[in-house]
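Visitor: my questions are about this predicted structure, shown below with the sequence.
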Amino acid sequence: MVEGSFKSAFLFPGQGSQTPGMGKDLAERFPVARQVFEEADDALGFALSRLCFEGPAEELQLTENTQPAILAVSIAAFRALETAGAPAPAFVAGHSLGEYSALTAAKVLELSAALRTVRARGRYMQEAVPVGTGAMAAVIGGELSDIERVCIEAGGSEVCSVANINSPGQVVIAGNAAAVDRAIELLKGVARRVIKLNVSAPFHCALMKPAQDRLAADLEQLEFGEPKFPVVTNVDARITTAPAELRDALFRQVSAPVRWVESMQLLMENGVDKMVEVGPGKVLSGLMRQTSRDIKCLNVEDAASLEATSVALAARDVLV
């Protein structure tokens, strides 16, 4: 173990990290976490906590349920970590939906308002495109420029574009189902592997414009405070502390690509050497390992991982 100074960033996961049982251990072990779920149930008018803790999986996977569920678990984990005395992060960032968790952790958004907004956001995104007419696919390997070229070629008069730039070796594309299918065929000569994703809508592409327009009114009603920690936004991969910019970033991110690789590289350029994934799963930790092996990845999703992470942060170790 090497002692030394470090900078940490707290990262908040997006849709896809949900699983029945998430948050249950935190709620049972930490009063602040239990309070988050009670606030979520009150804010939404139904037992989101039970859906998180027990499922069923099919109901949890409905986008309008998934989004507030992941937000609630992430903030429960964050507040439990705070209570354990963990040092504050130098920056926060969240993948897509996770940006709302990051802003709630940074006290830009009130929890109850954020929960109601992401539930509406999920509904708008689901309703923007009829089921079956949109698709997404993960592209493993291949140059980003080649993938973008194939998307243009496959799209024609339909939508096909890069939706998530997750790591140097993983890009997700989205658009009309037929256009994505054409792209999958064309990418066989470009990428190592292409996997069609089991998703309910084609997120982060132009087909989400109707959802973006509907969300605009909700975002205008939200009060945005000054962030406690600087935030790296998905849509611009840039650090900001300006509430107006944070509001605009949430609006634009609905139909724009998630620039996650650039966001992580920006954090590293700013001296971050520890990434703490706060919320269910370890998806972002996995993407970070694909981006850089020099960064220590920690996570908080239950009591055991919280204890291990709080010890590592308190010790200020720089294990890699």
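Guide: Cool, got the structure. Residues are numbered from 1 along each chain as shown.

Visitor: which residues sit against whatever helix or strand F53 lives in?
Guide: Here F53 sits within helix 48-54, counting by DSSP states H and E. Residues from elsewhere that reach helix 48-54 (Cβ atoms under 8 Å, 6 or more residues apart in numbering): 20-24, 27, 37-38, 40-41, 59-60, 65, 68-69, 72-73, 115. Glycine gets a C-beta too; all of them are placed from N, C-alpha and C.

Visitor: how's this structure carved up into domains?
Guide: Here the domain assignment for the chain is 8-128+207-315, 134-199, based on automatic domain parsing.

Visitor: distance from the chain centre to the longest one, please.
Guide: Relative to its parent chain, domain 8-128+207-315 has a centroid offset of 6 Å by Cα atoms, centre = their mean, to the nearest Å.

Visitor: buried only: go through the contacts of helix 48-54 for me.
Guide: 20, 22-24, 27, 37, 40-41, 60, 65, 68-69, 72-73, 115 (16 or more other Cβ atoms under 10 Å).

Visitor: which members of those are positioned in strands?
Guide: Using DSSP state E, no member of the buried ones among the contacts of helix 48-54 falls within strands.

Visitor: any idea which of those residues is closest to A179?
Guide: N65 (28.5 Å; Cβ to Cβ).

Visitor: for the helix holding F53, which positions count as buried?
Guide: Neighbour-count burial for helix 48-54 [16+ other Cβ under 10 Å]: 48-49, 51-53.

Visitor: CA-only coordinates of it in PDB, if you can.
Guide: This file holds the C-alpha atoms of helix 48-54, laid out as PDB (Å, rounded to 0.1, in the frame of the first residue of the first chain):
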ATOM      1  CA  LEU A  48     -40.900   1.900  -5.200                       C
ATOM      2  CA  SER A  49     -39.000   0.400  -2.300                       C
ATOM      3  CA  ARG A  50     -40.800  -2.900  -2.500                       C
ATOM      4  CA  LEU A  51     -40.100  -3.000  -6.300                       C
ATOM      5  CA  CYS A  52     -36.400  -2.400  -5.600                       C
ATOM      6  CA  PHE A  53     -36.200  -5.000  -2.800                       C
ATOM      7  CA  GLU A  54     -38.500  -7.700  -4.200                       C
END
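
Visitor: who's in contact with L284?
Guide: Counting by Cβ under 8 Å, 6+ apart, L284 has contacts 11, 13, 95, 98, 275, 277.

Visitor: run the chain-centre distance for the host helix or strand of V180.
Guide: Assigned by DSSP H and E, V180 belongs to helix 177-187. Its chain's C-alpha centre lies 25 Å from the corresponding centre of helix 177-187 when counted by Cα atoms, centre = their mean.

Visitor: now the longest helix anywhere in the chain: buried residues?
Guide: For the chain, the helix with the greatest residue count under DSSP state H is helix 63-83. Buried residues in helix 63-83, defined by neighbour count with 16+ other Cβ under 10 Å: 63-81.

Visitor: same for the worst-scoring helix or strand of the chain on mean pLDDT, what does it pack against?
Guide: The weakest-scoring helix or strand in the chain, judged by mean pLDDT, DSSP states H and E, is helix 303-315 (a mean of 92). In terms of contact count using 3 or more Cβ pairs under 8 Å, 6 or more residues apart in numbering; DSSP states H and E, helix 303-315 is assigned the packing partners helix 24-29, helix 63-83, strand 274-278, strand 296-300.
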